[in-house]
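In: What shape does this take:
(chains A and B)
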Amino acid sequence: MNTNNTTSTHHEHRDDAARKMGMWLFLFTELLLFGGLFLVYSIYRYLNPEDFSNGSHHLDVFMGALNTMVLITSSLTVALSITAIQKGNKTLALRLLAATIFLALVFLVNKYFEWGHKIHYDLYPGTDLFKALPPGEGLFYVLYYFMTGLHMLHVIVGAIILAVMGKYIKDDKITKDNYVLLENGGLYWHLVDLIWIYLFPLLYLIH
Amino acid sequence: MNHSIPSGGFFDNEGKPAWLAWLTTTDHKRIGLLYFYSLTVFFLVGVILGLLMRLELINPGKDLVEAQTYNGLFTLHGVIMIFLFVIPGVPAVFGNIALPLLLGARDVAFPKLNLLSWYLYIGGAILALSTLLVGDGPPDTGWTFYAPYSVKTGTNVSMAVLAAFILGFSSILTGLNFLTTIHRMRCPGMSWFKMPLFAWALYATSWIQLLATPVVGITLLMIVVERWLGIGLFDPALGGDPVLYQHLFWIYSHPAVYIMILPGMGVISEIMPTFSRRRIFGYKAIAYSSLAIAFIGYFVWGHHMFTSGMSGPARIIFSILTFLVAIPSAIKVFNWLATMYGGSIDMKPPMLYALGFIFLFLIGGLTGLVNGALATDVHIHDTYFVVGHFHYVMFGGTGFAFFAALHYWFPKIYGRMYDVKAATRAFWVLFTGFNVLYFPMLVVGMMGMPRRYYDYLPQFHLPNLISTVGSWITVAGLIYMIVVLVKGYRKGATASANPWDGLTLDWQTDSPPSKENFDTIPTVTEGPYEYK
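Out: Alright, predicted model coming up:
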């Protein structure tokens, strides 16, 4: 993000450290955004331990575990893609990036079936079934939808960012000597992964 | 181009039409000015709303507006003043304009992101103001959007809350930009402890913006989701906990109080040595106290909830922590006073506003301790004493620091000087009006008058009458100040590059500075305020 200065006579220095620092700072804000939800989750879990336990028994651990595997693998492929571009292998970098985006789509499809299954059984806010649930269990599902929904939004945004990075690699805007944008995209993707790694046990595993 | 307005330096549009050159600029000084002009408009809207509230309160009973309208008035006055003026205020305007100049840099680290922050700010502002015009009337919850009322009222709360969310995002990006700028773009020789104190204040502020704002972001989203889906995150009838909302809200909004005041304190730390012609006293103490205020500020949010249901030990701990904040604040005040001691003080308008700041902030700060003490807080909670207290801090503190910064950097920004004598007179009108307006609130609060009502008991009449008269004097002072500055802008005498004999780098370049700020990037060898 240099100044787009046409009249300037001196050349602008690219400061990769600054760009990376900016990204890390942004990731802190993302952590705190989810941090608010984790706080609400822990307090309501403390207040309604049994209802939360009942709620989490109805989540599909297999689907959750599968999606965890998918995301961790995608973090690997994006990291490999960065290494590939650092070594100047454009084709491999693009392929690995495509694999990452493919895995993001797999995650979303899984999520679609998981949510769809619950919605099929009227397990969402507003239905009679939902209103009949004990308040604690209702809160659990509300937080389940809210947290995984917000995470899903981040998966979509992350996939779009990685797609743009792919375009930049194609256009040689990201190269062997200038790959900080891809690194930042990768950092964002790792964050998406990291948050899921906390969501999975909190929602699916702890009973 | 009209020759009667400032030109040259960064005002040169480089052949583009003016509107295009301004709306697509990535120059930090122009973005600062974009913030300044838009902020001023919203500030004046807030002032008018406040004026209407005071007019309603001139007599007991209904004078001007219905109770419901009054609820909308104080909510919008709060939302506009807090989110559109006080929070962005000093950092977005003077941080943007002065920070790269003070650091000897050509711009901030991410100029395009900087422009995006302004567009987000404008987007949020439009959303906030349109709650007046569309939907089922302006929100009537107060600027704190307390649940469960905020999830039940039929007024336009969702939109106002989304506006606050977007404004928060804008604030985060500014903080991120400044942090990276301060870390990476200080000129050669400028070590951390040769950095001007305004930069230190912005550094501390930016961390708060970055780490506290996301929490209120997610909290406000929860309010919106709760309203739209009819679920019970905070509504006790559906299993939620309204006190949890208050915690989440103040986890951000108390640190946000320091987002508001810290940059103002930074401005004062620039003005004190310049107008005392003396090296600042306790440079490191002032720098560290900014960080200390930012740090302690995270752990005091509970003092907003002493009466809302919190355990005894929690209240005692929050009260002690609150008292701790007074220590770094007092360190600053004593250091400013020590800087003036033995100096040759020059009572120009920036210095007057800075002294005004110290006086008003002192009253605001000390009344804050009355609120922070458990025994007294129970009696004054939700009274006009609290209203008086935070106006002394927010308007008397941040507002006066904003005006101080404006009078200080005005000749640097525009390359012109305002009428110093007239500006001095405007200060005295404003300062007098301010105290006539807000001091009676402290008194009537002690007498027991609750806040947020459009009506009051007859025994509170006299202080309210005085306060309303004070609001007219304050507005007269504001108008006078604006007239003086606009005159200076249009017809003021050309200002030299360094009219105040400042030693910081911002005064070592042209007025107005060129787009690049400096012909060659300066090198620094000594501290920022080495008056000999």
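
In: Could you use CA atoms for every contact and neighbour count after this?
Out: Fine.

In: tell me which element the residue nearest to B:Met81 when sequence neighbours are not counted falls in.
Out: Nearest residue to B:Met81, sequence neighbours excluded (C-alpha to C-alpha, 6 or more residues apart in numbering or on different chains): B:Gly46, at 5.9 Å. Taking DSSP states H and E as the criterion, B:Gly46 maps to helix B:28-56.

In: Could you give me the buried positions within the helix or strand just after that helix?
Out: Downstream of helix B:28-56, the first helix or strand assigned by DSSP H and E is helix B:67-79. Neighbour-count burial for helix B:67-79, counted by 16 or more other C-alpha atoms under 10 Å in any protein chain shown, picks out B:67, B:69-79.

In: Please apply the same query to stretch A:88-103.
Out: Buried residues in stretch A:88-103 (16+ other C-alpha under 10 Å): A:90, A:92-101, A:103.

In: With stretch A:199-207 instead?
Out: So stretch A:199-207, judged by 16+ other C-alpha under 10 Å, has buried residues A:199-200, A:202-205.

In: same check, this time on stretch B:172-187
Out: Neighbour counts over stretch B:172-187 (16+ other C-alpha under 10 Å) mark B:172-182, B:184-187 as buried.

In: Tell me which of those fall in helices.
Out: Among the buried residues of stretch B:172-187, DSSP state H puts B:172-182, B:184 in helices.

In: can you name the two of the residues you listed that are farthest apart?
Out: B:Ile172 and B:Arg184 (18.3 Å; C-alpha to C-alpha).

In: And the worst-scoring helix or strand of chain A on mean pLDDT, what's buried?
Out: Sorted by mean pLDDT, DSSP states H and E, the helices and strands of chain A end with helix A:128-132, the least confident at a mean of 87. Within helix A:128-132, the residues that count as buried by 16+ other C-alpha under 10 Å are A:Phe130.

In: max-length helix in chain B?
Out: helix B:242-276.

In: close to chain A, is that one?
Out: Yes - applying C-alpha under 8 Å from any C-alpha of the partner chain, one finds helix B:242-276 touching chain A at B:244, B:248.

In: Show me the helices in chain A, by range?
Out: So, for chain A - with DSSP H - the helices run A:16-47, A:49-57, A:61-86, A:90-120, A:128-132, A:135-170, A:180-200.

In: Same check on the stretch 251-400 of chain B?
Out: B:283-297, B:312-340, B:349-372, B:374-380, B:384-393, B:400-414 (DSSP state H, counting those that start in this stretch).

In: Tell me where the model's unsure across chain A.
Out: Residue ranges of chain A with pLDDT under 70: A:1-13.

In: which bits of it sit near chain B?
Out: A:1-4, A:18, A:21-22, A:25-26, A:28-30, A:32-37, A:40, A:125-126, A:135-136, A:139, A:142.

In: Just the buried subset of the residues you listed, please.
Out: A:3, A:18, A:21-22, A:25-26, A:29-30, A:32-37, A:40, A:125, A:135-136, A:139, A:142.

In: of all the buried residues of helix B:67-79, which comes closest to chain A?
Out: B:Val79 (21.6 Å; C-alpha to the nearest C-alpha).

In: Verify the contact between that closest one and B:Trp143 for me.
Out: Yes - between B:Val79 and B:Trp143 there is a contact at 5.1 Å, judged by C-alpha atoms under 8 Å.

In: Give me every residue in the stretch 51-200 of chain B lying close to chain A.
Out: B:107, B:109-112, B:172, B:176-177, B:180-181, B:184.

In: from the ones in helices among the buried residues of stretch B:172-187, which is closest to B:Trp500?
Out: Among those, and counting by C-alpha to C-alpha, the member closest to B:Trp500 is B:Ile182, at 25.0 Å.

In: nearest spatial neighbour of B:Met190, skipping sequence neighbours?
Out: B:Val524 (5.6 Å).

In: Surely the one you found is within a helix?
Out: No - per DSSP: H, G, I helix; E, B strand; the rest coil, B:Val524 lies outside any helix segment and is coil.

In: Look up how far B:Pro350 lies from it.
Out: 26 Å (C-alpha to C-alpha, to the nearest Å).

In: Same question for B:Ala18.
Out: 31 Å.

In: more neighbours, the two?
Out: For B:Ala18 versus B:Pro350, neighbours defined as other C-alpha atoms under 10 Å in any protein chain shown are more numerous around B:Pro350 (31 against 13).

In: What is the burial count for the nearest residue to that one once chain neighbours are set aside?
Out: Of all residues not flanking B:Pro350 in the chain, B:Ala404 sits nearest, at 4.6 Å (C-alpha to C-alpha, 6+ apart). When counting by other C-alpha under 10 Å, one arrives at 26 neighbours for B:Ala404.

In: Tell me the backbone dihedrals of the nearest residue to B:Thr383 once chain neighbours are set aside, please.
Out: Of all residues not flanking B:Thr383 in the chain, B:Pro450 sits nearest, at 4.0 Å (C-alpha to C-alpha, 6+ apart). The phi/psi pair for B:Pro450 (degrees, to the nearest 10) reads phi -70, psi 150.

In: now the one 10 residues further on
Out: Geometry field for B:Phe460 lists phi and psi as phi -90, psi 10, criterion degrees, to the nearest 10.

In: any idea of the pLDDT on it?
Out: Looking at B:Phe460, its pLDDT reads 96.

In: quick one: the nearest residue in space to it that is not next to it in sequence and chain A, what's the gap?
Out: Among residues not flanking B:Phe460 along the chain, B:Val444 sits closest, at 6.4 Å (C-alpha to C-alpha, 6+ apart). Applying C-alpha to the nearest C-alpha, to the nearest Å, the value for B:Val444 to chain A is 38 Å.

In: And what about B:Val444, helix, strand or coil?
Out: helix.

In: List the contacts of it.
Out: Taking C-alpha atoms under 8 Å, 6 or more residues apart in numbering or on different chains, we find B:Val444 in contact with B:384-385, B:460, B:463-464.

In: Top of these by number of neighbours, please.
Out: The most crowded member of the contacts of B:Val444, judged by other C-alpha under 10 Å, is B:Phe385 (31 neighbours).

In: and that residue, what pLDDT?
Out: Value for B:Phe385, per-residue pLDDT: 97.

In: That one contacts B:Met441, doesn't it?
Out: Yes - assessed by C-alpha under 8 Å, B:Phe385 is found in contact with B:Met441 at 5.9 Å.

In: Burial check on B:Glu14, number of neighbours?
Out: B:Glu14 has 10 neighbours, counted by other C-alpha under 10 Å.

In: Please name the nearest non-neighbouring residue to whichever residue of the stretch 351-500 of chain B sits closest to chain A.
Out: Distance from chain A to each residue of the stretch 351-500 of chain B (C-alpha to the nearest C-alpha) is smallest for B:Ile413, at 20.3 Å. Spatial nearest neighbour of B:Ile413, chain neighbours left out: B:Pro512 (5.1 Å); criterion: C-alpha to C-alpha, 6+ apart.

In: now A:Gly138
Out: A:Phe130 (6.7 Å).

In: For that neighbour, give me its contacts.
Out: Residues in contact with A:Phe130 (C-alpha under 8 Å, 6+ apart) are A:122-124, A:138.

In: and the longest helix of chain B with helix B:400-414, angle?
Out: 50 degrees (axes from the mean of the first three to the mean of the last three C-alpha atoms, to 10 degrees).

In: tell me the angle helix B:242-276 makes with helix B:283-297.
Out: Interaxial angle, helix B:242-276 versus helix B:283-297 (the same axes, to 10 degrees): 170 degrees.

In: what helices or strands is helix B:242-276 leaning on?
Out: helix B:89-90, helix B:197-229, helix B:283-297, helix B:312-340, helix B:349-372, helix B:400-414 (3 or more C-alpha pairs under 8 Å, 6 or more residues apart in numbering or on different chains; DSSP states H and E).

In: Run the chain-centre distance for it.
Out: 8 Å (C-alpha atoms, centre = their mean, to the nearest Å).

In: tell me the average confidence for that helix?
Out: Across helix B:242-276, pLDDT averages out at 95.
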